[in-house]
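S.K.: Let me see the structure of the following:
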Amino acid sequence: MKILGIGNAIVDVICKVEDSFITNNGLTKSTMKLVDETEFKKLLSNLKIEETISGGSVANSIVGLSQFGNKVGFIGKINDDELGVKYEVGLKKENVEYFYSKKKEELSTGTCLILITPDSERTMCTFLGIAGKVNENDVDVNAVKNSEIIFLEGYLWDEGDPKKAFDKAIQNSNKVAMSLSDLFCVERHKSHFLNLVKNKLDITFANEQEILSLINAKNFDEVIAFCKQLKKLIVITRGEKGSIAIQKNEVIECDTQKNLKIVDLTGAGDLFAGGFLHGYINKLSLKESLKKGTEMSSKIIQKLGARLN
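M.R.: Model (predicted):
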């Protein structure tokens, strides 16, 4: 298998809102907030659902990789409930091998309320449910060992069982990639993430805000200097400034695609990572891999949701 993703199995519920909804509910635009089931239902009660779709950050990347024809798999925890069934069907429809056998759980399948404001930014409120309870027993060691790369998400990392699952996957892997996922995750787990980036990961995906926060950098020059001395592959998206890949002393930049009709920024980073990994795993140059990532993210932001079809 080319790539095995391990992440939160989340069903996305997409709604369009005004900026006032974000402010009135004490949310911070463009970030992800963890909520309990009660708060989730309260937020959703006054909204019109535009679309419900299987999601989760790494799962979105893995589906993108599958659509490019790569043999991929995914590990993520769901309940044997209506949303769990929908989630599993959604993955299998995309030819993703699912290495988890669902069963009845106390917690329901995880859901993410994605709030799209008129500027196309997305603010997320996530009820993790059973998705956040991944433990080391959920990690299929054979699937890990038989994958060229495992791809992890920062959203999944937490003290206790999820950390043990991460450790088990990393110890048995051939090569490890991870997305830092969100500024909230970086600030919450900074020392742990920094240790992962420095000592455990072969490839790190981040956006500019996340990497600046991770190393407490004052400017992007400090980021480049940090990445060069790491001697790992660090891939950074910079919004309108494009993207950059840094490996040892090699610094490769790629421009964004211009004149796009942006509808929804959900999944832009996920699909960028999927496109980049497609290039990387198929031996394309770093420049061509960045272009593949840019191509995928440019397509996804012109539609609603984080899946291309």
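
S.K.: Quick one: the helices in this structure, in order.
M.R.: Counting by DSSP state H, one finds helices in the chain at the ranges 19-24, 37-44, 57-67, 82-93, 141-145, 161-171, 183-188, 190-199, 208-214, 220-230, 268-281, 286-300.

S.K.: From the rest of the structure, what touches the longest one?
M.R.: Read it as helix 286-300. Applying C-beta atoms under 8 Å, 6 or more residues apart in numbering, the contact partners of helix 286-300 are 64, 233, 235, 237, 242-245, 247, 250, 252-257, 260, 266-280, 284, 306, 308. For the C-beta atoms, the positions are set from N, CA and C on the backbone; glycine is no exception.

S.K.: at 6 Å what do you get?
M.R.: With C-beta atoms under 6 Å, 6 or more residues apart in numbering as the test, helix 286-300 has contacts from 64, 243, 245, 252, 254, 257, 260, 267-268, 271-272, 274-276, 278-280.

S.K.: Kindly report the same for the fifth one.
M.R.: Counting by C-beta under 6 Å, 6+ apart, helix 141-145 makes contact with L4, G73, F99, I150, A169, N172, S173, all of which sit outside it.

S.K.: Just the buried positions in stretch 62-72, please.
M.R.: Residues of stretch 62-72 classed as buried by neighbour count (16 or more other C-beta atoms under 10 Å): I62, V63, G64, L65, S66, Q67, F68, N70, V72.

S.K.: Now for the residue nearest to E106 when sequence neighbours are not counted: which residues touch it?
M.R.: Excluding the flanking residues, the one nearest E106 by C-beta to C-beta, 6 or more residues apart in numbering is I130, at 7.9 Å. By C-beta under 6 Å, 6+ apart, the contact list for I130 reads K77, N79, E105, L107.

S.K.: same thing but at 8 Å, please
M.R.: The contact partners of I130, taken as C-beta under 8 Å, 6+ apart, are K77, I78, N79, E105, E106, L107, S108, T109, G110.

S.K.: and which of those residues is nearest to S181?
M.R.: G110 (14.5 Å; C-beta to C-beta).

S.K.: gap between the closest one and G269?
M.R.: Distance of G110 to G269, computed by C-beta to C-beta, to the nearest Å: 19 Å.

S.K.: and Q171, how many neighbours?
M.R.: Q171: 12 surrounding residues under other C-beta atoms under 10 Å.

S.K.: just K104 next, same as before
M.R.: 8.

S.K.: Just give the nearest non-adjacent residue to the spatially most central residue of the chain, would you?
M.R.: In the chain, the residue lying closest to the centroid (C-alpha atoms, centre = their mean) is S57, at 2.8 Å. The shortest distance from S57 to any non-neighbouring residue, by C-beta to C-beta, 6+ apart, is to E153 (4.6 Å).

S.K.: export stretch 104-111 as PDB, just CAs?
M.R.: Extracted as PDB, the C-alpha positions of stretch 104-111 are listed here (Å, rounded to 0.1, in the frame of the first residue of the first chain):
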ATOM      1  CA  LYS A 104     -21.600  -0.500  19.300                       C
ATOM      2  CA  GLU A 105     -19.900   2.200  21.400                       C
ATOM      3  CA  GLU A 106     -21.100   4.400  24.300                       C
ATOM      4  CA  LEU A 107     -20.100   7.500  22.300                       C
ATOM      5  CA  SER A 108     -21.600   8.300  18.900                       C
ATOM      6  CA  THR A 109     -19.700   8.800  15.700                       C
ATOM      7  CA  GLY A 110     -17.800  12.100  15.600                       C
ATOM      8  CA  THR A 111     -19.300  15.100  13.800                       C
END
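
S.K.: got a list of contacts for it?
M.R.: Contacts with stretch 104-111, where a contact means C-beta under 8 Å, 6+ apart, come from 8-13, 37, 40, 56, 78-81, 83-84, 87, 126-133.

S.K.: Now list the buried members of the residues you listed.
M.R.: Among those, those buried by neighbour count (16+ other C-beta under 10 Å) are 8-13, 40, 56, 78-79, 81, 83-84, 87, 126-133.

S.K.: where does the chain dip in pLDDT?
M.R.: Along the chain, the parts satisfying pLDDT under 70 run over 257-267, 298-309.

S.K.: for the residue nearest to G110 when sequence neighbours are not counted, what are its contacts?
M.R.: Spatial nearest neighbour of G110, chain neighbours left out: A131 (3.3 Å); criterion: C-beta to C-beta, 6+ apart. Shown in contact with A131 (C-beta under 8 Å, 6+ apart): N8, A9, I10, G56, G76, K77, I78, T109, G110.

S.K.: So which of those residues belong to strands?
M.R.: Those of the contacts of A131 mapping onto strands are I10, G110, per DSSP state E.
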